[in-house]
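K.L.:
3D model of this:
(one chain, ligands or ions: 1)
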Amino acid sequence: MWGRCPTPRRATPPTHAKAAAPPLASAVDAEWMMRHPSALSRFQQIVSASKGKQIVMFLDYDGTLSPIVDDPDSAFMSDAMRAALRSVARHFPTAIVSGRCLDKVYDFVKLAELYYAGSHGMDIKGPAKGRNFKKAKAKAVLFQPASEFLPMIDEVYKALLEKTNSTPGAKVENNKFCVSVHFRCVDEKHWSGLAEQVKSVLKEYPKLKLTSGRKVLEIRPTIKWDKGKALEFLLESLGFANCNDVLPVYIGDDRTDEDAFKVLRERGQGFGILVSKFPKETNASYSLRDPAEVMDFLLRLVEWKRLSMTTRPKVQLV
Ligand SMILES: O=P(O)(O)OC[C@H]1O[C@H](O[C@H]2O[C@H](CO)[C@@H](O)[C@H](O)[C@H]2O)[C@H](O)[C@@H](O)[C@@H]1O
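P.N.:
Below is the predicted model of the structure:
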């Protein structure tokens with residue numbers, strides 16, 4: 001039974017090194033907002049950069065479109081957010097890029113007109129319906145770079161279920177090409193024990209690696225594929241491989257989204273927007289505080305697009 005979590009005392013393990021007195025919170029916040037300004041307050045700057053370019057939207061799911069909750073199976077997106085996303089997809093190619101398996105994230109989002117990249121980008125599918133934004137000759141989208149790992153992931157999922165069932169509150173989630181071990185509902189005194197349990201299972205699987213997200217340990221194939229590669233793959237599938245006429249915008253809240261922010265920074269193209277209430281080390285250019293602000297941003301984008309379509313100068317017929 002998935003009950004309420006114990007109140008966490010802290011989110012990260014303590015450091016024992018003697019550190020200099022930290023700067024005042026307000027100074028840290030001010031520097032954060034200067035380096036990663038709100039995408040809402042800089043909205044005009046963002047859309048101005050899209051002049052003559054096709055905006056392509058990439059959105060993470062958990063913590064970006066839905067609030068973080070104790071039970072991963074109850075991370076529902078609001079109807080208002082779904083409506084905003086539907087409107088966005090009417091105007092711009094839109095993709096959801098999630099650590100969840102594709103079927104699960106689709107069940108939450110329920111919009112057939114979007115692109116989906118599940119399992120941290122290892123399971124990619126194009127829209128089942130809707131407007132086709134693809135440039136001529138762009139290929140159909142369906143890609144699973146880790147398909148050979150399916151039997152191994154299944155095996156490790158079962159082994160992790162068994163190994164961690166002695167840790168109260170631990171939850172193991174099968175995400176098809178990767179596995180998540182959640183510790184949001186585990187008492188902090190059991191965190192290191194749980195990590196040891198996970199590592200002991202992984203010893204037998206050198207082709208799998210361990211990464212971490214928001215109160216979650218992620219077990220993934222060692223292949224060189226991540227959300228950044230998925231973003232590049234989708235841009236290519238849309239026909240924007242080596243183009244200057246595209247402005248990708250990626251919104252995400254987690255460490256795994258940094259791979260996508262980094263790709264955008266390295267390409268010198270588009271913008272990463274980090275969803276966070278707190279200052280963090282990030283490759284994103286802008287920030288939004290929470291999913292409510294993400295929704296405001298999406299709605300403003302739709303409104304701006306509608307207005308720009310109606311105010312476009314009419315072609316003079318002679
Ligand atoms: O890439 P994402 O779409 O952000 O998925 C990352 C992980 O998200 C989910 O876990 C997180 O959200 C849960 C629900 O709010 C929360 O309980 C958990 O602590 C978070 O880590 C999802 O359950 C994982 O499988 C994803 O890998």
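K.L.:
Tell me how many other residues crowd the closest residue to residue 289 other than its chain neighbours.
P.N.:
Spatial nearest neighbour of residue 289, excluding adjacent residues (CB to CB, 6 or more residues apart in numbering): residue 277 at 5.1 Å. C-beta here means a position set from N, CA and C on the backbone, and glycine is covered the same way. Neighbour count of residue 277, defined by other CB atoms under 10 Å: 12.
K.L.:
Get me the contact residues on the stretch 201-318 of the chain for the ligand.
P.N.:
Proximity of the stretch 201-318 of the chain to the ligand, by CB under 6 Å from any ligand atom, involves residues 213-216, 218, 254, 256.
K.L.:
Rebuild the residues you listed as a markdown table, extending it with neighbour count and secondary structure.
P.N.:
Listed next are these as a markdown table, based on neighbours: other CB atoms under 10 Å; DSSP: H, G, I helix; E, B strand; the rest coil:
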| residue | neighbour count | secondary structure |
| --- | --- | --- |
| 213 | 18 | strand |
| 214 | 15 | coil |
| 215 | 16 | coil |
| 216 | 18 | strand |
| 218 | 20 | strand |
| 254 | 23 | coil |
| 256 | 23 | helix |
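K.L.:
if we take those, which one ends up nearest to residue 293?
P.N.:
residue 254 (16.3 Å; CB to CB).
K.L.:
quick one on the thing from earlier: need phi/psi at the residue nearest to residue 289.
P.N.:
phi -90, psi -10 (degrees, to the nearest 10).
K.L.:
With residue 260 instead?
P.N.:
According to degrees, to the nearest 10, residue 260 has phi -70, psi -40.
K.L.:
Verify the stated contact: it with residue 232.
P.N.:
No: in this structure, residue 260 is not within contact of residue 232 by CB atoms under 8 Å, at 9.1 Å.
K.L.:
so who does residue 146 touch?
P.N.:
119, 122, 177, 221, 223, 225 (CB atoms under 8 Å, 6 or more residues apart in numbering).
K.L.:
Show me which residues of stretch 28-48 are buried.
P.N.:
When burial is assessed from 16 or more other CB atoms under 10 Å, stretch 28-48 yields the following buried residues: 32, 36, 39-40, 42-43, 46-47.
K.L.:
Tell me the pLDDT of the residue of the chain found nearest the ligand.
P.N.:
Closest residue of the chain to the ligand, CB to the nearest ligand atom: residue 99 (2.7 Å). pLDDT for residue 99: 98.
K.L.:
Quick check on the residue lying closest to residue 115 once chain neighbours are set aside: phi, psi?
P.N.:
Sequence neighbours aside, residue 95 is the residue nearest to residue 115 in space, at 3.7 Å (criterion: CB to CB, 6+ apart). The phi and psi values for residue 95, taken as degrees, to the nearest 10, are phi -130, psi 140.
K.L.:
Let me see the contact set for the residue nearest in space to the middle of the chain.
P.N.:
What sits nearest the mean C-alpha location of the chain, by CA atoms, centre = their mean, is residue 60, with 2.6 Å. For residue 60, the contacting residues are 96-98, 227, 250-254, 256-257, 275, by CB under 8 Å, 6+ apart.
K.L.:
Kind regards, and thank you for your time.
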